[in-house]
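Undergrad: just the structure for this:
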Amino acid sequence: MTKISFKAKIAIWFTLALVAVLIATFVALRFAGVRVLSSTLKSYLYSVVEENTEEVEYISKKDVEFTEEELTNKLTDEKDILMEYSDGYILIDEDFLKVINDVYIALYTNDGTMLYGENPLAQASEQHGFEGSHTWTLEHEGVNYNIYDRKLILELPEDKTLWIRGVVAETETMRQLGAVSRLMMLATPFIALLAVLLGLLTAERSIAPIKEIEKTASAISEGDLSRRIDIGEGKDEIHRLAHEFNGMVDKLEKSFASEKQFTSDASHELRTPMSVIMAQCEYTLSAKRKQSEYIESLETIQRQGERMSGLINDMLDYSRMDQGSDRYPLEEIDISTLVTDTTEGMDILQSKGITMDTDIASGLKINGNAMLLGRLVQNLVSNAYKYGKENGSILVSLYMTDHDGNRKSLKGELIPEGAKVVFSVRDDGMGIAEEDQEKIFDRFFRVDASRTEQSTGLGLPMVKRIAELHDAELSLESEVGKGSTFKVVFDAV
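TA: Here you go, the predicted model:
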């Protein structure tokens, strides 16, 4: 079964919708047209009858200055109509029209006798008496007629009252509606054809961005992560989708590039200790050695193995953190206790004669993961020992600031609004050049390449990632030859 294309579906739905609108419009117009034309027809009937009331006059014999013969001769010359009625004459002006635009006009006496005019319903309506001036409807031979009776205000006895009756058939209304309907029926196929063409054009323009998305997605699926969707500026759903898609591909490209670089760097980092181990093994096994030489070789292999083990563990930890924060749930913890316990366990290192001082405020709490925060503190303090100067010092601080950055002491349980908890590690070591201060948070980057055995190159990148997982702000202040200060700022709770 052949599938209908998306463009064809849009065109079909567009055409069906337009035809449905046309049909609904036709029905509404027909319904409204009947009401409007019927009302217009009645208004026209009313106006015709009212105009003809002015063409009828009653003249009493006592008011006539001429003889009857003279009056008749005079009126005949003027084409008016004169007929004797009651105690005088009825004078009908020649402008009194019997039929005007399908409206029939007739003059009646009070007992229903037609005196003048035409009425196609003369017999059918003779049983309907005259009861005030009003409009009514009569059906005759399947046709509805509107009838308007109008009482003439003349100086006549009550039993001699005259009436004008106007009659018009509603076939005129239906004829006009029929003409409109035929016109619409003739126009509908052309409108439907136009709708199809417009639907196809609209569909073509509508799916053009989708085609571009499809083409770009196809190129990306083949491995070209540099491709982006270019459909111009806009704020509709398609443009928002394209924007989100481009953002997703940006992240994917960075992620793949980062993973590629990570793999390359990890391979490079692992190659060096592996080369040392293999070389040491080959050297030791190539000839019979003294016991001291065997011990020395095994110690070298052990150091390289420990370095590889540390590197692998750091890479695994970093990889787990990259998998998302769901693996490390956050809870309210006493960071003062955590920093104190971690630093107390590290001051036994006594590396290079460096002393460590602490300034840790008690009772400070944040939302965090104790394991990750312990790793952050450990990495920063270890980094200070590795790059500190001989017989130098390290200062580990933990304190709270208000929203203006001023240092505050914790009083009871009252936490200032917008308060922050600041953890910092300061050393007086070699310092970091300004051009390297951003790079030190990159994986496997080392300021001093000669110290590769002291570091896996993942310590500070892990600190940065842990800070990100806690929505904390990580910063560095450093000057070559004077030392460095690392700060991590958390939201207080």
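
Undergrad: which element follows the helix or strand of the chain at the bottom of the mean pLDDT ranking toward the C-terminus?
TA: Using mean pLDDT, DSSP states H and E, the weakest-scoring helix or strand in the chain turns out to be helix 68-77, at a mean of 59. Counting by DSSP states H and E, the next helix or strand C-terminal to helix 68-77 is strand 81-85.

Undergrad: so which elements touch that following strand?
TA: If contacts are counted by 3 or more C-beta pairs under 8 Å, 6 or more residues apart in numbering; DSSP states H and E, strand 81-85 sits against helix 68-77, strand 88-92, strand 114-117. (Glycine included, C-beta is placed from N, CA and C.)

Undergrad: buried set for that strand?
TA: Across strand 81-85, burial judged by 16 or more other C-beta atoms under 10 Å covers 81-82, 85.

Undergrad: please save the CA atoms from it in PDB.
TA: Extracted in PDB, the C-alpha atoms of strand 81-85 (Å, rounded to 0.1, in the frame of the first residue of the first chain):
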ATOM      1  CA  ILE A  81     -60.600  56.500 -11.500                       C
ATOM      2  CA  LEU A  82     -63.900  57.600  -9.900                       C
ATOM      3  CA  MET A  83     -66.500  55.300  -8.500                       C
ATOM      4  CA  GLU A  84     -69.600  56.100  -6.500                       C
ATOM      5  CA  TYR A  85     -69.500  54.700  -3.000                       C
END
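
Undergrad: list the strands paired with it, with their directions.
TA: With DSSP bridges as the test, strand 81-85 is paired with strand 88-92 (antiparallel).

Undergrad: for the record, mean pLDDT for the strand it pairs with?
TA: Strand 88-92 carries an average pLDDT of 86.

Undergrad: and it, how far out from the chain middle?
TA: Taking C-alpha atoms, centre = their mean, to the nearest Å, one finds the center of strand 88-92 at 80 Å from the center of the full chain.

Undergrad: contact partners of that strand?
TA: The contact list for strand 88-92 (C-beta atoms under 8 Å, 6 or more residues apart in numbering) reads 55-64, 71, 75, 80-84, 107, 115-116, 162.

Undergrad: next: stretch 351-364.
TA: 334-336, 339-340, 343, 346-347, 381, 384-386, 388-400, 409-410, 421, 427, 492.

Undergrad: can you tell me the distance between the two ends of that stretch?
TA: 29 Å (C-alpha to C-alpha, to the nearest Å).

Undergrad: gap between the residue nearest to residue 162 when sequence neighbours are not counted and residue 92?
TA: Excluding its sequence neighbours, the residue lying closest to residue 162 (C-beta to C-beta, 6 or more residues apart in numbering) is residue 152, at 4.5 Å. Separation of residue 152 from residue 92 (C-beta to C-beta, to the nearest Å): 11 Å.

Undergrad: quick one: common contacting residues for those two?
TA: residue 56.

Undergrad: tell me how many other residues crowd residue 18.
TA: 17 (other C-beta atoms under 10 Å).

Undergrad: ditto for residue 163
TA: 20.

Undergrad: likewise the one 3 residues further on?
TA: By the measure other C-beta under 10 Å, the count of residues near residue 166 is 25.

Undergrad: need the buried residues of strand 81-85 in TSV (columns: distance to residue 51 and pLDDT).
TA: Shown next, in TSV, are those (distance: C-beta to C-beta, whole Å; pLDDT from 0 to 100):
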residue	distance to residue 51	pLDDT
81	17	83
82	21	81
85	22	87
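
Undergrad: and which of the residues you listed is nearest residue 12?
TA: Among those, residue 81 lies closest to residue 12 (C-beta to C-beta), at 68.7 Å.

Undergrad: surely the closest one touches residue 116?
TA: Yes. Residue 81 is within contact range of residue 116, at 6.7 Å (criterion: C-beta atoms under 8 Å).

Undergrad: anything in contact with each of the two?
TA: Joint contacts of residue 81 and residue 116 (C-beta under 8 Å, 6+ apart) are 92, 96.

Undergrad: quick one: the helix ranked longest in the chain to chain centroid distance?
TA: Assignment by DSSP state H gives helix 171-221 as the longest helix of the chain. Averaging C-alpha positions (C-alpha atoms, centre = their mean) puts helix 171-221 25 Å from its chain's average.

Undergrad: what is it packed up against?
TA: helix 6-53, helix 237-285.

Undergrad: any chance of these in JSON lines, plus distance to residue 220 and mean pLDDT?
TA: As requested, the helices and strands packed on helix 171-221 are arranged in JSON lines below (distance: least, C-beta to C-beta, whole Å; pLDDT from 0 to 100):
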{"stretch": "helix 6-53", "distance to residue 220": "21", "mean pLDDT": "79"}
{"stretch": "helix 237-285", "distance to residue 220": "6", "mean pLDDT": "78"}
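
Undergrad: can you say which of the contacts of strand 88-92 are buried?
TA: The buried subset of the contacts of strand 88-92 - by 16+ other C-beta under 10 Å - is 55-56, 58-59, 71, 75, 80-82, 107, 115-116, 162.

Undergrad: and which of the buried residues of strand 81-85 is nearest residue 276?
TA: residue 81 (136.8 Å).

Undergrad: for burial, what's the neighbour tally of the residue nearest to residue 134 when sequence neighbours are not counted?
TA: Excluding its sequence neighbours, the residue lying closest to residue 134 (C-beta to C-beta, 6+ apart) is residue 149, at 6.5 Å. Residue crowding around residue 149 was assessed by other C-beta under 10 Å; the count is 20.

Undergrad: put the alpha carbons of the one helix or strand residue 149 maps to into PDB.
TA: If you go by DSSP H and E, residue 149 is part of strand 143-151. Taking C-alpha atoms only, strand 143-151 is exported to PDB below (Å, rounded to 0.1, in the frame of the first residue of the first chain):
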ATOM      1  CA  VAL A 143     -46.500  28.600  -2.200                       C
ATOM      2  CA  ASN A 144     -46.300  30.900   0.800                       C
ATOM      3  CA  TYR A 145     -47.700  34.400   0.400                       C
ATOM      4  CA  ASN A 146     -47.100  37.400   2.600                       C
ATOM      5  CA  ILE A 147     -50.300  39.500   3.000                       C
ATOM      6  CA  TYR A 148     -50.500  43.000   4.400                       C
ATOM      7  CA  ASP A 149     -53.900  44.600   5.200                       C
ATOM      8  CA  ARG A 150     -54.000  48.300   5.600                       C
ATOM      9  CA  LYS A 151     -57.100  50.200   6.800                       C
END
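
Undergrad: change the start of the numbering to 571 and stick with it
TA: Sure thing, new numbering starts at 571, so read that last one as strand 713-721.

Undergrad: now for it, which elements pack on it?
TA: Strand 713-721 packs on helix 576-623, strand 704-710, strand 732-739, going by 3+ C-beta pairs under 8 Å, 6+ apart.

Undergrad: chain center to it, what's the gap?
TA: For strand 713-721, the distance to the chain centre is 60 Å (C-alpha atoms, centre = their mean).

Undergrad: which outside residues touch that strand?
TA: Outside strand 713-721, the residues touching it (C-beta under 8 Å, 6+ apart) are 608, 611-612, 615-616, 619-620, 623, 690-691, 695, 698, 700-709, 731-741.

Undergrad: run me through the strand neighbours of it, direction for each.
TA: strand 704-710 (antiparallel), strand 732-739 (antiparallel).

Undergrad: any buried residues in it, and which?
TA: Applying 16+ other C-beta under 10 Å to strand 713-721 flags 715-721 as buried.

Undergrad: rewinding a little: reformat the strands paired with strand 713-721 as CSV; add mean pLDDT and distance to residue 791.
TA: Output for those, formatted as CSV (pLDDT from 0 to 100; distance: least, C-beta to C-beta, whole Å):
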stretch, mean pLDDT, distance to residue 791
strand 704-710, 84, 75
strand 732-739, 91, 74
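
Undergrad: what sits closest to residue 619 if chain neighbours are left out?
TA: residue 736 (3.9 Å).
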